[in-house]
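Chemist: Fold the following and give me the result.
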Amino acid sequence: MLKALLISAILLFTSLVTAQDNSAFKEVLEIAYYDSTYTDEYITSRCKLDIRYPENTKDFNTVVWFHGGGLNSYDKYFPDSLLNHNLCIVSVNYRLSPKVNAPAYIEDAAAAVAWVFNNIKTYGGNPNKIYVAGHSAGGYLAKMIGLDKQWLQNFKIDADNIAGLISLSGQTITHSTIRKERGIPWSKVIVDEYAPLYHVRKNAPPLLLITGDREVDLEGRYEENLYLKRLMTTAGHTETQLMEIQGFGHIEMHDPGLQLLLKEMDRINKKVGRNSKE
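Modeler: Next up is the predicted model:
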């Protein structure tokens, strides 16, 4: 089964790369997603997003993408594997530890997604086709704001309106950086309000959990995502999936994971009767 999944992902990757779209794309960079009432210097310098969208298409899919880096490093980017598809990518920077502590980066993730809901029509997008995704720490943030509704509610957005949540090897327990901020050893696992596992609920958006090979991804990453899947299913959520990409580690699973993201968007759009525009 897992071998078949890997083969399917590779075949999908090959077909999608060769089927490039000829649409013209426009990029708008360094957009502040907090309004001018936020005067904190770190917010004004860090809390920005880049948007890349097809100029000649309307009603397109949008992927809000959160980068990885352990909540303490790295920068926004447009994933290469998504560039040849007729969709919008919104790539987000958020504040980083140790300059800030939890929940600052979760608040930023919610603020960025709220900005997309409020503004995507301006660029031709459909607010009903907003997908929230990320790799590693970015996958953790996607799950947090999609499962714990309070973060988007602070910006008057209902998390249930997210079309789909896709996490590439993201933590489901309380994030290791948050534990470090509290002086808790890396080896001590906790599940509290900063854990996606704490916010299991029946009516969440469709949730796709992707990990690398359980033997070569980060320790316990597959197992904690499996636990989240089990609890979501037990709670009555009917659209939680877990996919393990055999033979790929934490970093290497990034690109094949993005191919599964594309396939998931197409599945959801077809299920609800929307044209994917892909």
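
Chemist: C-terminal to the helix or strand in which Asp108 is found, what's the next element?
Modeler: Using DSSP states H and E, Asp108 maps to helix 104-119. Following helix 104-119 in sequence order, the next helix or strand is strand 125-135 (DSSP H and E).

Chemist: How about Asp166: which residues does it bridge to?
Modeler: Quick fix: residue 166 reads Ile, not Asp. For Ile166, the beta-bridge partners under DSSP bridges are Ala133, Leu208.

Chemist: who's in contact with it?
Modeler: Tyr131, Val132, Ala133, Gly139, Ala142, Leu208, Ile210, Leu260, Leu261, Glu264 (C-beta atoms under 8 Å, 6 or more residues apart in numbering). (Glycine included, C-beta is placed from N, CA and C.)

Chemist: if we can go back for a sec, determine the set of other helices and strands touching the helix holding Asp108.
Modeler: strand 60-66, strand 88-92, strand 125-135, helix 137-147, helix 150-153 (3 or more C-beta pairs under 8 Å, 6 or more residues apart in numbering; DSSP states H and E).

Chemist: picking up where we left off before, which members of the contacts of Ile166 define the maximum pairwise distance?
Modeler: Spatially, the most separated pair among those is Val132 and Leu260, at 15.2 Å (C-beta to C-beta).

Chemist: So these two - more neighbours on which side?
Modeler: Legend: neighbour count by other C-beta atoms under 10 Å for Val132 and Leu260, higher for Val132 (32 against 22).

Chemist: wait, doesn't the more buried one sit right on Ile145?
Modeler: Yes. Contact criterion C-beta atoms under 8 Å: Val132 and Ile145 qualify, at 7.0 Å.

Chemist: Give the intersection of the neighbour lists for those two.
Modeler: Val113.

Chemist: Would you tell me which one of the contacts of Ile166 comes nearest to Ile106?
Modeler: When these are compared against Ile106 (criterion: C-beta to C-beta), the nearest one is Ala142, at 10.6 Å.

Chemist: The spatially most central residue of the chain and Lys156, how far apart?
Modeler: Of all residues in the chain, the one closest to the mean position by C-alpha atoms, centre = their mean is Ala133, 1.5 Å from it. Going from Ala133 to Lys156 by C-beta to C-beta, to the nearest Å gives 22 Å.

Chemist: Please apply the same query to Ile43.
Modeler: 19 Å.

Chemist: Kindly report the same for Asn72.
Modeler: From Asn72 to Lys156 the distance is 30 Å (C-beta to C-beta).

Chemist: of these two, who's got more company?
Modeler: When Asn72 and Lys156 are compared on other C-beta under 10 Å, the one with more neighbours turns out to be Asn72, at 16 against 9.

Chemist: for that one, what are its contacts?
Modeler: Counting by C-beta under 8 Å, 6+ apart, Asn72 has contacts Leu96, Ser97, Pro98, Thr177.

Chemist: pLDDT below threshold where in the stretch 151-278 of the chain?
Modeler: Residues of the stretch 151-278 of the chain that meet the criterion pLDDT under 70 lie in 274-278.

Chemist: where do the strands sit along it?
Modeler: Using DSSP state E, counting those that start in this stretch, the strands assigned to the stretch 151-278 of the chain run over residues 164-168, 207-212, 240-245.

Chemist: and the residue nearest to Gln171 when sequence neighbours are not counted, how far is that from Asn126?
Modeler: Leaving aside its sequence neighbours, Gln171 sits nearest to Tyr140 (C-beta to C-beta, 6 or more residues apart in numbering; 4.8 Å). Separation of Tyr140 from Asn126 (C-beta to C-beta): 26 Å.
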